[in-house]
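Peer 1: what follows is a predicted structure for the sequence shown.
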Amino acid sequence: MNRSLALVSGLVVLSLTGCSSQLEKTTATGSYKYLKAEQKEKLKVPESLETPDFSSEYELPELSDDANKGLVGRDLRIISPALVHPLVTGSHIQEGTEGAVVTFDQVDDRQPLREAIWDAVKSFLEKQEVGISQFNDAENVLVTDWFVLTEEVEDEDSPWYAWSSDIDAERKRRFKFLLDVKPHGRTASLRTELVEFQEQRGSNTVENISEFARHREEVEILNEVISHYEYQIQLDNTRRIAEIRQGLETEMGFNNSGEPAILVKGKYDVVWPRMLLVLRKLGFDVKDLDKSTGLLFVTFNGNDEGWWSNLFAGDNDLLDEADYRLLIAPKGNDTVVTFMDNESQPFDARQVTDIFDPFSEVMTQDNLDI
């Protein structure tokens, strides 16, 4: 019998010491003897003696009338402050800003910043299988349906000898996202606010939480949105790199002004960066560029190796080692490339026909080095 009692006692000890309590992780460690401390009277100095100078440097401030005087000892939660994590390139936290707010600057001109942020928020909600209760496009306000999280938590009222102190808890939250876009459209701040909160712990229902807990909830959901936004950007960049390295078909054609040009079967945002790879392969150096206008200022240095140098060598040189300009412009779902001299005069049909084969061979080549 003693042996059985020892075995049971050992199991109880192991169960108590083998797992770290969730409550212990959020409460101060050490002694709570200070709770029994009493305020001592101020030192009384006889009138016949000189009163020494007392420093007030370490005096504790008086508690306000609305302070919760019960937050002491194990009832005081010790949790690190919730901080917004600006992971997206161009995002930052403005100094002095209160609440859960992050500011984004435009770094990618393929899509307006406002649309990119809302797309990230909606994509995040879709991934979480959370609906949209309200979206006011004009006011830049979005209100979500319920985020529902069911988990096992520790019952703080459970006696120490209970075999299990875990109870089922359901936490439900609704948030509001507010987007403040600057007039120029290249800077925007996204803020989250907790609209409703409900937590069911066993038979107890909690609907009111402290400002500290509210702030943690708002920062937590904002950080999840930021993380999802960054993931979407990285995923999009990976796809773009794959598209840029993939060969694109070409054909002879005309630009939007009716001048001889080369038509590339690809969207402008893919053809533009691929052109830099193609031109380098063909022996051009890019001196300047402006994606908004589609202009490339290049210098042809020639190439001493391969079919390209053979094409332009000898008595029938098609290109001199000189400066040129290229105009890249969208044309429907395709992109048109116009070769020009340094005075912006387009190549004639014969020049475009002569240059088409070497240009097309490189443009259609897969896995160009980036």
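Peer 2: Looks like it arrived, so ask away.
Peer 1: K281 reaches E361, doesn't it?
Peer 2: No: using Cβ atoms under 8 Å, K281 makes no contact with E361, being 9.7 Å away. No exception for glycine: its C-beta is placed from N, CA and C like everyone else's.
Peer 1: can you tell me the SS state at N367?
Peer 2: coil (DSSP: H, G, I helix; E, B strand; the rest coil).
Peer 1: low-confidence bits of the stretch 1-150 of the chain, can you list those?
Peer 2: Along the stretch 1-150 of the chain, the parts satisfying pLDDT under 70 run over 1-26.
Peer 1: one more time with 90, if that's ok
Peer 2: In the predicted model, the stretch 1-150 of the chain carries pLDDT under 90 at residues 1-82, 94-99, 108-111, 149-150.
Peer 1: where do the helices sit along the stretch 251-370 of the chain?
Peer 2: 268-281, 306-312, 349-363 (DSSP state H, counting those that start in this stretch).
Peer 1: if you average pLDDT over each of those helices, which is lowest?
Peer 2: Ranked by mean pLDDT, those end with helix 306-312 in last place, scoring a mean of 49.
Peer 1: out of the helices of the stretch 251-370 of the chain, which one sits most buried?
Peer 2: Among the helices of the stretch 251-370 of the chain, the stretch with the highest mean neighbour count (mean count of other Cβ atoms under 10 Å) is helix 268-281, at a mean of 19.
Peer 1: so that one versus helix 349-363, what angle?
Peer 2: Helix 268-281 and helix 349-363 are oriented at 90 degrees to each other (axes from the mean of the first three to the mean of the last three Cα atoms, to 10 degrees).
Peer 1: all strands of the chain, in order?
Peer 2: 91-92, 100-105, 132-136, 141-144, 147-154, 166-181, 187-201, 204-206, 250-254, 260-264, 284-290, 295-300, 323-331, 334-341 (DSSP state E).
Peer 1: could you point out the longest helix of this protein?
Peer 2: helix 211-245 (DSSP state H).
Peer 1: and that one, what does it pack against?
Peer 2: strand 100-105, helix 113-127, strand 166-181, strand 187-201, helix 268-281 (3 or more Cβ pairs under 8 Å, 6 or more residues apart in numbering; DSSP states H and E).
Peer 1: among those, which comes closest to K291?
Peer 2: helix 268-281 (6.0 Å; Cβ to Cβ).
Peer 1: what's the local residue count around the closest residue to F177 other than its chain neighbours?
Peer 2: In space, and not counting its chain neighbours, F177 is closest to L142: 4.4 Å by Cβ to Cβ, 6 or more residues apart in numbering. Number of residues near L142 (other Cβ atoms under 10 Å) recorded here: 20.
Peer 1: how about L142, what does it touch?
Peer 2: Shown here is L142, whose contacts under the criterion Cβ atoms under 8 Å, 6 or more residues apart in numbering are 118, 121-122, 132, 134-136, 176-177.
Peer 1: now, among the residues you listed, which is nearest to D341?
Peer 2: W118 (45.0 Å).
Peer 1: what's across from N204 in the sheet?
Peer 2: R201 (DSSP bridges).
Peer 1: could you measure it against Q198, distance?
Peer 2: Remark: distance between N204 and Q198 (Cβ to Cβ, to the nearest Å) = 11 Å.
Peer 1: looking at those two, which one has more neighbours?
Peer 2: Taking other Cβ under 10 Å, N204 and Q198 do not tie; Q198 has more neighbours (14 against 11).
Peer 1: could you find the closest non-adjacent residue to the more buried one?
Peer 2: Nearest one to Q198, counting by Cβ to Cβ, 6+ apart, is K172 at 4.4 Å.
Peer 1: that neighbour against T205, yeah?
Peer 2: No: K172 lies out of contact with T205 (Cβ under 8 Å); the separation is 10.5 Å.
Peer 1: higher neighbour count, the two?
Peer 2: Under the criterion of other Cβ under 10 Å, the comparison of K172 against T205 puts K172 first, with 16 against 10.
Peer 1: check what pLDDT that one gets.
Peer 2: pLDDT at K172 comes out at 93.
Peer 1: so in terms of bridging, what pairs with it?
Peer 2: V148, Q198.
Peer 1: now do it against A116, distance only.
Peer 2: 29 Å.
Peer 1: and P260, how many residues sit next to it?
Peer 2: When neighbours are counted by other Cβ under 10 Å, P260 registers 19.
Peer 1: show me how the protein divides into domains.
Peer 2: Per automatic domain parsing, the domain ranges recorded for the chain read 73-242, 246-363.
Peer 1: tell me the gap between the shortest one and the middle of its chain.
Peer 2: The offset between the C-alpha centroid of domain 246-363 and the centroid of the whole chain comes to 37 Å, using Cα atoms, centre = their mean, to the nearest Å.
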